[in-house]
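Chemist: sequence below, structure please.
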Amino acid sequence: MTTIRVGLIDWLADVWYVRKRPPRGLVLLSWIYTGVIYVRQAAYRKGLIKISFPSVPVIVVGNLTVGGTGKTPLTIGLVEIFVKAGFKPGIISRGYGGRALEWPQQVRVDSDPRSVGDEALVVVRRTLCPMVVGPNRVAAAQMLLNNHDCDVIVSDDGLQHYALGRDLEIVVVDSHRRFGNQFCLPAGPLREPVSRLEKVDFTIYNGSSSSDEFTIKVEGKWAINIRDPLQKKQLIEFSGKKIHALAGIGNPQRFFDGLTGKGLNFDIREFPDHHDFKLSDIEYGDDLVVLMTEKDAVKCEAFAGRQHWYVPAEAAVNKELGEMILKQLVEKSDGRNVT
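Modeler: So this is what the prediction gives:
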């Protein structure tokens, strides 16, 4: 089943990012999907569907495309900036991959990633801030405020979850893939048309870009041993050695390219996003080092060996960009206090 899923993902990636024109059947479905989007947006805009605004400012960090763009590392980076500025942020998310029987769910550092989602556990461990996950972002935000003293909510994803009112919208774009063939799902990778960017507050490109665009750089510089987190090595220390690398994320090639950029020599195993790992997935029959993403590692802690390491992805937020976003947050917070 995993092989079939990976094959389908590879085929879609080829259609979305390589071919100039997708199959006609997918184009027709894309037109229908896009029409539904416009009707839905109009319903919210005209008040036919309720929008709920929490009592504190809400910042949504999302993307227009399916797959990884770097929004979760940026979420972590922004939360750290807000904490340093004296804010008390709380975080909400969908909890993708989580199979909890009841939603929303509070996330703790010892939560089961199979219940709350792998990305959520990474975010909580990195920020140590309160977090609630669930498909209903309004309910997640309310639980967060009911149980924690937060003065700003950061939503990791949720750009298209219009029921949750927001004060700032930040969209992260993969600077290499951009918007693919610019079709909406399923003919292309877009969740919404590119024109949606005209209405957001910040569009941030992950990676190299032109000088007139906001950019961040998401990369891994270190590897941490899963069994013994006190063991930490620079990735360059693995150069010149044969190792293994695996990933089950939205855009695994970005992870592999990052390792190659550090001069590492490795073979790869690719899994679908949010893959439910088991021991056989990370075993190779030898003692060579195995590198994986932090998101994958949280699901392998129970059975990982001493040869298994993970690479934390960190977003380097430009100082000027961080200050601009922080200024907007302060203005929104002051406005709430006045009213």
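Chemist: ok, which stretches of the stretch 1-150 of the chain are strands?
Modeler: Along the stretch 1-150 of the chain, the stretches classed as strands by DSSP state E, counting those that start in this stretch are 58-62, 89-93, 105-107, 131-133.
Chemist: any chance of a markdown table for these, columns mean pLDDT?
Modeler: Shown next, in a markdown table, are those (pLDDT from 0 to 100):
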| stretch | mean pLDDT |
| --- | --- |
| strand 58-62 | 97 |
| strand 89-93 | 98 |
| strand 105-107 | 98 |
| strand 131-133 | 98 |
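Chemist: so which of the ones you listed is nearest residue 249?
Modeler: Comparing the strands of the stretch 1-150 of the chain by their distance to residue 249 (Cβ to Cβ), the top pick is strand 89-93, with 15.3 Å. C-beta here means a position set from N, CA and C on the backbone, and glycine is covered the same way.
Chemist: ok, residues contacting that closest one?
Modeler: Under the criterion Cβ atoms under 8 Å, 6 or more residues apart in numbering, residues 75, 79, 82-83, 117, 119-120, 123-124, 127, 129-134, 137, 140-141, 144-145, 148, 150-158 lie in contact with strand 89-93.
Chemist: that one pairs with which strands, parallel or anti?
Modeler: strand 131-133 (parallel), strand 152-156 (parallel) (DSSP bridges).
Chemist: if you count neighbours, what's buried in stretch 144-162?
Modeler: By neighbour count with 16 or more other Cβ atoms under 10 Å, stretch 144-162 contains the buried residues 144-145, 150-159, 161-162.
Chemist: how about the secondary structure of residue 327?
Modeler: Under DSSP: H, G, I helix; E, B strand; the rest coil, residue 327 falls in the helix class.
Chemist: per-residue pLDDT of it, please?
Modeler: Residue 327 is assigned a pLDDT of 95 by the prediction.
Chemist: now it: how far from residue 24?
Modeler: 48 Å (Cβ to Cβ, to the nearest Å).
Chemist: rewinding a little: who wins for proximity to residue 10 among the strands paired with strand 89-93?
Modeler: Closest to residue 10 of the strands paired with strand 89-93 is strand 152-156 (Cβ to Cβ; 26.4 Å).
Chemist: where's that closest one relative to the chain centroid, distance-wise?
Modeler: 13 Å (Cα atoms, centre = their mean, to the nearest Å).
Chemist: give me the contact list for that strand.
Modeler: Residues outside strand 152-156 that contact it (Cβ under 8 Å, 6+ apart): 54, 56-62, 71-72, 75, 78-79, 82, 87-93, 119-120, 123, 137, 141, 144-145, 161, 164, 166, 329, 333.
Chemist: need the pLDDT of the residue positioned nearest the centre of the chain.
Modeler: Closest residue to the average C-alpha location of the chain: residue 72 at 3.6 Å, with Cα atoms, centre = their mean. Residue 72 is assigned 95 on the pLDDT scale.
Chemist: does it really touch residue 120, like I thought?
Modeler: No - checked against Cβ atoms under 8 Å, the pair residue 72 and residue 120 is beyond contact range at 9.3 Å.
Chemist: wait, what's in contact with residue 228?
Modeler: Contacts of residue 228 by Cβ under 8 Å, 6+ apart are residue 306.
Chemist: which phi and psi does it have?
Modeler: The phi and psi torsions at residue 228 (degrees, to the nearest 10) take the values phi -130, psi 90.
Chemist: how about the longest helix anywhere in the chain: buried residues?
Modeler: Using DSSP state H, we find that the single longest helix of the chain is helix 24-45. Neighbour-count burial for helix 24-45, counted by 16+ other Cβ under 10 Å, picks out 26-27, 29-30, 33-34, 37, 41.
Chemist: please consider this matter closed, and thank you.
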